[in-house]
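Participant: Next input, structure requested:
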Amino acid sequence: MGGMSDRLHTAHTYELAPAVLASIRALLQDAFEGDLSEEDWEHGLGGVHAYAEDRGGRIVAHGSVVMRRVVHAGRAHRVGYVEAVGVRADRRRQGLGTRVMAALEEVLDGAYDFGALSASDAGALLYRSRGWHLWNGRIEAYGPHGVVRMADEEDCTFLRPSAGRPLPAPEGGPLQFDWRDGDVL
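Facilitator: Modelled structure (predicted):
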């Protein structure tokens, strides 16, 4: 069983019943091998979720896109930041991640200046295949005590243009993300 027999849903966080959110969180705990902090979970809320259910109603894949503010070259951008992308271990390599990303990218194209995400090595292959580009510049974040360099994010932050809009260019300066608790990116 798999592939196209799975139903894909999109909904804003406020539209999801507590049981659905609990199922998504359980999927992500499993997909991230128990390495999903409270802050990681929080980062994926407050935006649009795309998730797939199998015929039995079990959630087998998920991703969300939330709004972030990113300053580049003196301009604040409304960015769709992709979070909490995971596929159940026994359902990987069946196109579920692609389907989830396609739904999230539709949201990006309609609502944001561009898309951004921080990718694991395994996830980077999927994102590159979908037209995401590794940012080849400096990453910073606005912190409680001023701007902080995020050097660890400079080799795993990917951007995707939205609806024909150009991406920021590294020669225009760093990407400066808004601050949040836990991992900033």
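Participant: what does the top helix by length along the chain contact?
Facilitator: Assignment by DSSP state H gives helix 96-111 as the longest helix of the chain. Contacts made with helix 96-111 from outside it, assessed by C-beta atoms under 8 Å, 6 or more residues apart in numbering, are listed as 2, 6, 8, 10, 48, 50-52, 60-65, 67, 78, 80, 82, 85, 87, 114-115, 126-127, 130, 160, 162-163. (Each C-beta comes from the backbone N, C-alpha and C, glycine too.)
Participant: Can you tell me which of those are buried?
Facilitator: 6, 10, 48, 50-52, 60-65, 80, 82, 85, 87, 114-115, 126-127, 130, 160, 162 (16 or more other C-beta atoms under 10 Å).
Participant: mind listing which of those residues are in strands?
Facilitator: Using DSSP state E, 10, 48, 50-52, 60-65, 80, 82, 85, 87, 114-115, 160 are the members of those that sit in strands.
Participant: Give me the residues contacting stretch 42-50.
Facilitator: Taking C-beta under 8 Å, 6+ apart as the criterion, the residues outside stretch 42-50 that touch it are 8-13, 16, 24, 28, 62-67, 80, 83-84, 99-101, 103-104, 107, 180-183.
Participant: For PyMOL, write the select line for the buried members of those.
Facilitator: Only the buried entries of the contacts of stretch 42-50 go into this PyMOL selection, using 16+ other C-beta under 10 Å:
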select buried, resi 10+16+24+28+62+63+64+65+66+80+83+84+99+100+101+103+104+107
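Participant: helices and strands around the lowest-mean-pLDDT helix or strand in the chain, which ones?
Facilitator: Among the helical and strand segments of the chain, the one scoring lowest on mean pLDDT, DSSP states H and E is helix 121-129, with a mean of 90. Under the contact criterion of 3 or more C-beta pairs under 8 Å, 6 or more residues apart in numbering; DSSP states H and E, the helices and strands touching helix 121-129 comprise helix 96-111, strand 157-161.
Participant: In PDB, could you pull the C-alpha coordinates for it?
Facilitator: Output for helix 121-129, consisting of C-alpha atoms alone and laid out as PDB, is shown next (Å, rounded to 0.1, in the frame of the first residue of the first chain):
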ATOM      1  CA  ASP A 121      22.100  16.100   4.600                       C
ATOM      2  CA  ALA A 122      19.400  13.500   3.700                       C
ATOM      3  CA  GLY A 123      16.800  16.200   3.100                       C
ATOM      4  CA  ALA A 124      19.100  18.300   0.900                       C
ATOM      5  CA  LEU A 125      18.700  15.800  -1.900                       C
ATOM      6  CA  LEU A 126      14.900  16.200  -2.000                       C
ATOM      7  CA  TYR A 127      15.100  20.000  -1.900                       C
ATOM      8  CA  ARG A 128      17.700  20.300  -4.600                       C
ATOM      9  CA  SER A 129      15.600  18.100  -6.800                       C
END
